[in-house]
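A.B. asks: Quick check, what structure comes out for this input:
(one chain, ligands or ions: 1)
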Amino acid sequence: MPELTTLASLLDIGGARIRNRVFLAPMSGITDEPFRRRAYAHGAGLVVSEMVASGELAKGRAGCDLRIRHSGLPVHMVQLAGREAAHMAEGARIAAGEGADIIDINMGCPAKKVTGGYAGSALMRDLDHALSLIEAVVGAVEVPVTVKMRLGWDESALNAPILARRAEEAGVKMVTVHGRTRCQFYQGKADWRAIARVRQAVSIPVVANGDVGSREEAATILEQSGADAVMIGRAHYGAPWIAGSIAAAAAGISAPGIPETPQALADYAVAHYEDMLSLYGIESGLRQARKHLGWYLDRHAAGVSAEQRKRVLTSFEPAEVILGLRDALADIGMSNELRSAA
Ligand SMILES: Cc1cc2nc3c(=O)[nH]c(=O)nc-3n(C[C@H](O)[C@H](O)[C@H](O)COP(=O)(O)O)c2cc1C
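C.D. replies: So this is what the prediction gives:
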């Protein structure tokens, strides 16, 4: 895998020095501060906040503060979504005021809730409007601005190379491309070769994204796209160490902090759970943590009984959840996948 070693090298994003080229993708409802801290501690090169609606941020709505809050990590990257230039500029100023080192603009989200408001990937249908948002953000802050996009709206409009080139001309310092169109949502397979057309259109770093979960896939997406870095999302479900373990493999070392025994895995999942309860408070934290607990069970304790699973995923009593989680993860032991990653 000759390409893999390049993932271990530094990357400069408009002056922000990134320690390696394997990134955690922003995922709304998932990559909150506890998750990003874990991914970074395992060695992910860069982690990004969940998207923040710039209109809500500009109006000071509750909940936005947690999304943009500085995590204390060396590079704080905040992603903004929206369709009003004034809100995007104001949101960028607020995020920069919170210490953001990089502002990312979401032009890839396919959700109807977002595209219905002409934000996210809907911006790829109107590049002039997309550019007005980019210019507003670039003009509002001193820190580097980046853009995350899809290949285009649909197969008949694969305009990511044009958007990327215009974004570069407007001062954007890096683009990330998810190798699907908006109309594909998450169906089919990401087209890694199509990302190469974006690579050829610009001279800023290009990050390739979509369906990567292993070292082999990371090497292949780099080879097929010619991209400078790789971004990984859903493969982190129940395994916040995936980006770190791929970056470590590229450097020929092992990633720090990956739990190596059933007991360590149980402690790890419990600590993640407790971090979420302390960030969100017990009532909200309990609910928000359930998807993560479900993924830890699915991935590492697939043989757990329905009764044990129900205990972990439906109880409103944290002590009961923790006991159930310990029983399940420590009893069933570790998946082969975890053994080979450790
Ligand atoms: C639950 C979920 C939430 C997401 N939220 C965001 C987001 O807030 N901002 C964004 O740019 N992309 C978001 N994405 C897209 C991911 O960043 C990524 O582009 C996509 O999942 C493809 O990468 P993967 O195959 O490695 O998961 C989200 C994806 C998922 C599954």
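A.B. asks: so which residue of the stretch 151-300 of the chain comes closest to the ligand?
C.D. replies: The nearest approach of the stretch 151-300 of the chain to the ligand comes at residue 233, 2.7 Å away (CB to the nearest ligand atom). Using the backbone N, CA and C atoms, a C-beta is placed for each residue, glycine as well.
A.B. asks: The closest residue to residue 166 other than its chain neighbours and residue 59, how far apart?
C.D. replies: Setting aside the residues directly before and after it, residue 166 is nearest to residue 131 in space (CB to CB, 6 or more residues apart in numbering), at 5.5 Å. Residue 131 is 24 Å from residue 59, where distance means CB to CB, to the nearest Å.
A.B. asks: Looking at those two, which one has more neighbours?
C.D. replies: residue 131 (17 against 12; other CB atoms under 10 Å).
A.B. asks: Verify the stated contact: that one with residue 168.
C.D. replies: No - taking contacts as CB atoms under 8 Å, residue 131 lies outside contact range of residue 168: 11.2 Å.
A.B. asks: Touching both of the two, which residues are there?
C.D. replies: Residues touching both residue 131 and residue 168 (CB atoms under 8 Å, 6 or more residues apart in numbering): there are none.
A.B. asks: Point me to the residue of the stretch 51-200 of the chain nearest the ligand.
C.D. replies: Of all residues in the stretch 51-200 of the chain, residue 51 sits closest to the ligand, at 3.4 Å by CB to the nearest ligand atom.
A.B. asks: and stretch 16-35, which residues are buried?
C.D. replies: By neighbour count with 16 or more other CB atoms under 10 Å, stretch 16-35 contains the buried residues 16, 18-28, 30-35.
A.B. asks: Also within reach of the ligand: list those from those.
C.D. replies: 25, 26, 27, 28, 30 (CB under 6 Å from any ligand atom).
A.B. asks: With secondary structure, pLDDT and distance to residue 266 added, can I get the residues you listed in a markdown table?
C.D. replies: Below are these laid out as a markdown table (DSSP: H, G, I helix; E, B strand; the rest coil; pLDDT from 0 to 100; distance: CB to CB, whole Å):
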| residue | secondary structure | pLDDT | distance to residue 266 |
| --- | --- | --- | --- |
| 25 | coil | 98 | 27 |
| 26 | coil | 98 | 28 |
| 27 | coil | 97 | 24 |
| 28 | coil | 95 | 28 |
| 30 | coil | 97 | 21 |
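A.B. asks: Now the two most distant members of those.
C.D. replies: For those, the maximum inter-member distance is 10.6 Å, found between 25 and 28 (CB to CB).
A.B. asks: looking at the protein, which helix or strand does the model trust least?
C.D. replies: helix 336-341 (a mean of 55; mean pLDDT, DSSP states H and E).
A.B. asks: And the strands in this structure?
C.D. replies: 11-13, 16-18, 22-24, 48-53, 77-81, 102-107, 145-152, 174-181, 206-209, 229-232 (DSSP state E).
A.B. asks: Now that we have the ones you listed, can you turn them into a markdown table and tack on distance to residue 88 and mean pLDDT?
C.D. replies: Shown next, in a markdown table, are the strands of the chain (distance: least, CB to CB, whole Å; pLDDT from 0 to 100):
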| stretch | distance to residue 88 | mean pLDDT |
| --- | --- | --- |
| strand 11-13 | 19 | 98 |
| strand 16-18 | 20 | 97 |
| strand 22-24 | 22 | 98 |
| strand 48-53 | 10 | 96 |
| strand 77-81 | 6 | 97 |
| strand 102-107 | 7 | 97 |
| strand 145-152 | 10 | 97 |
| strand 174-181 | 17 | 97 |
| strand 206-209 | 21 | 98 |
| strand 229-232 | 22 | 98 |
